[in-house]
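Participant: Need coordinates for the following:
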Amino acid sequence: MHRIDPTVDVVFKAILGSEHHLNLLINFLNAILGLKGSQRVNSVSIRNPFNIKNYLQGKVSVVDVKAVDQLDRDFQVEIQIGSHAALLERMLFNWAGLYFAKIDEGEDYALLKPVISIWLLVDDMPGLPVRLPGFPLINKEDKVVGAAGKKLDYSERRKTNLVHVPFAIFSREANLYLSNHFAIHAIQLMKQAEDVKIEGDKDCWISFFRNGKELDPNNLPPGMNTPVMREAMAITMSFSEKEENYHLYLSRFNERLEKKTRQSEYANALIREAFERTEKEQALKDKERERTEKEQALKEKARERDAKEQALKEKARERDAKEQALKEKARERTEKEQALMETEHERAAKEQALADRERLIRLLKKTGIDPNIG
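Facilitator: Just a heads-up that it's a prediction; the model follows:
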């Protein structure tokens, strides 16, 4: 007996997309969405039913399950193997395509009905920022009302380890849902604990798709030995028991591996490119920092040179001032000496004049002339 992975698209589609096993899809939808009472899915019509001949002939390109129920609600169920940065956008785009197709051009918008997408994710969703562009930061004090009217606080809403992540269009400011027509449910299969206690159909389905390859159809775990799970396991095992089906399974499994390998190689190439770009940017930043540091060093040297030149100019000014002061003192001394010389000259002149007068008086007296007459 071969081990069969129910997340391989052909097995997944045979389980939930077959018109011969509508009860499985109905049970799956009610279990995952928690539908009760008048909201329960009672009957479905599959828009793209599983046909193994199409797979064998290579005619299948779309592997999701699209169905409509008795309330005219559209359901899309898709299995996603690898995660990528644009996965959330793809989920939204696919939902929008289904909603757009609900009515034709010119028809009344009132004819629109809910579209519910369910994504079974083998790899976890890519992370979301706490703050989205154009939206205010989420505060811890914010309160929103859950589907059952329960108040959910910040810490509950920001859990990242949720197995089931439901998305809805909700206004925190108005405390109001825009419409019940929009719903996207992400089931992160690997977030379910390996030793989880199975309690109800929802746990069964998540555990089935998470661990289906390892399950023993003759010895199902406690809580999973139900008619629905036995039927799902029987379909799974049909791909092991029938040679043609098994070859088909292997081809789809290998195709998935190749696709995942290509995605991994592409992701690694992007990582390498990002790493190289980061290294180049870092090298440019290092060069820019070195250039800035050199310019800063040159500026420091220029400032030091200017400071030295300024100091030399100050010293030159001080020297000039001292020389000027010395010149002033020399001039004052010269002027004083000049004044003394002039005073001495005047004194000598007066003395000479007195000496001349005395000599004249003596000459007059010798000649008998009275110097006092006249």
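Participant: For the residue nearest to residue 124 when sequence neighbours are not counted, report the pLDDT, please.
Facilitator: Spatially, and ignoring its direct neighbours in sequence, residue 124 is nearest to residue 188 (5.3 Å; CB to CB, 6 or more residues apart in numbering). Where you see a C-beta, it was placed from the backbone N, CA and C, and this is true even at glycine. On pLDDT, residue 188 comes in at 94.
Participant: For residue 188, what are phi and psi?
Facilitator: Main-chain dihedrals, residue 188, degrees, to the nearest 10: phi -90, psi 90.
Participant: before we move on, what about residue 166?
Facilitator: Per degrees, to the nearest 10, the backbone of residue 166 is at phi -90, psi 140.
Participant: Quick check: it vs residue 12, distance?
Facilitator: Residue 166 sits 21 Å away from residue 12 when distances are taken as CB to CB, to the nearest Å.
Participant: and these two? which has more neighbours close in?
Facilitator: Neighbour tally, residue 166 and residue 12, criterion other CB atoms under 10 Å: the higher count belongs to residue 12, 24 against 17.
Participant: give me the element the more buried one is part of.
Facilitator: helix 9-16 (DSSP states H and E).
Participant: helices and strands around that helix, which ones?
Facilitator: The criterion is 3 or more CB pairs under 8 Å, 6 or more residues apart in numbering; DSSP states H and E, and the helices and strands that helix 9-16 contacts are helix 22-33, helix 52-56, strand 74-80, helix 227-241, helix 243-366.
Participant: Distance from that helix to the middle of the chain?
Facilitator: Counting by CA atoms, centre = their mean, to the nearest Å, helix 9-16 is centred 36 Å from the centre of its parent chain.
Participant: how about the CA coordinates for that helix, as PDB?
Facilitator: C-alpha atoms of helix 9-16 as PDB (Å, rounded to 0.1, in the frame of the first residue of the first chain):
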ATOM      1  CA  ASP A   9      -4.400  18.500  -6.100                       C
ATOM      2  CA  VAL A  10      -6.000  15.400  -7.800                       C
ATOM      3  CA  VAL A  11      -6.600  13.700  -4.500                       C
ATOM      4  CA  PHE A  12      -7.900  16.900  -2.900                       C
ATOM      5  CA  LYS A  13     -10.300  17.400  -5.900                       C
ATOM      6  CA  ALA A  14     -11.500  13.800  -5.800                       C
ATOM      7  CA  ILE A  15     -12.400  14.200  -2.100                       C
ATOM      8  CA  LEU A  16     -14.100  17.600  -2.100                       C
END
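Participant: quick thing: my sequence starts at 253, can you match it?
Facilitator: Got it, first residue is 253 now, which makes that one helix 261-268.
Participant: contacting residues around that helix?
Facilitator: For helix 261-268, the surrounding residues in contact (CB atoms under 8 Å, 6 or more residues apart in numbering) are 256-258, 273, 276-277, 280, 302, 304, 307, 315, 317, 329, 331, 372, 461, 484, 487-488, 490-491, 500-501, 504, 508.
Participant: one more time with 7 Å, if that's ok
Facilitator: 256-258, 273, 276-277, 280, 302, 307, 315, 317, 329, 331, 484, 487-488, 491, 500-501, 504 (CB atoms under 7 Å, 6 or more residues apart in numbering).
Participant: One more: stretch 491-498?
Facilitator: Residues outside stretch 491-498 that contact it (CB under 7 Å, 6+ apart) are 253-254, 256, 263, 490, 501.
Participant: okay, among these, which ones form the most distant pair?
Facilitator: The span of the contacts of stretch 491-498, defined through CB to CB, is set by 253 and 263 at 14.7 Å.
Participant: that older thread, would you turn the helices and strands packed on helix 261-268 into TSV with mean neighbour count?
Facilitator: Output for the helices and strands packed on helix 261-268, formatted as TSV (neighbours: other CB atoms under 10 Å):
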stretch	mean neighbour count
helix 274-285	20
helix 304-308	15
strand 326-332	22
helix 479-493	18
helix 495-618	11
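Participant: Among those, which one carries the weakest average confidence?
Facilitator: Mean pLDDT, when computed for each of these, is lowest for helix 304-308, at a mean of 71.
Participant: What segments of the stretch 353-502 of the chain are strands?
Facilitator: In the stretch 353-502 of the chain, the strands defined using DSSP state E, counting those that start in this stretch lie at 367-373, 396-397, 403-404, 416-419, 422-423, 428-429, 434-440.
Participant: Please identify the most buried of the ones you listed.
Facilitator: strand 367-373 (a mean of 24; mean count of other CB atoms under 10 Å).
Participant: what about residue 259, is that helix, strand or coil?
Facilitator: Three-state call for residue 259 (DSSP: H, G, I helix; E, B strand; the rest coil): coil.
Participant: for it, phi and psi?
Facilitator: The phi and psi values for residue 259, taken as degrees, to the nearest 10, are phi -80, psi -10.
Participant: Same check on residue 292?
Facilitator: phi -60, psi 150.
Participant: And residue 606, how close does it get to residue 542?
Facilitator: Note on residue 606: its distance to residue 542, by CB to CB, is 94 Å.
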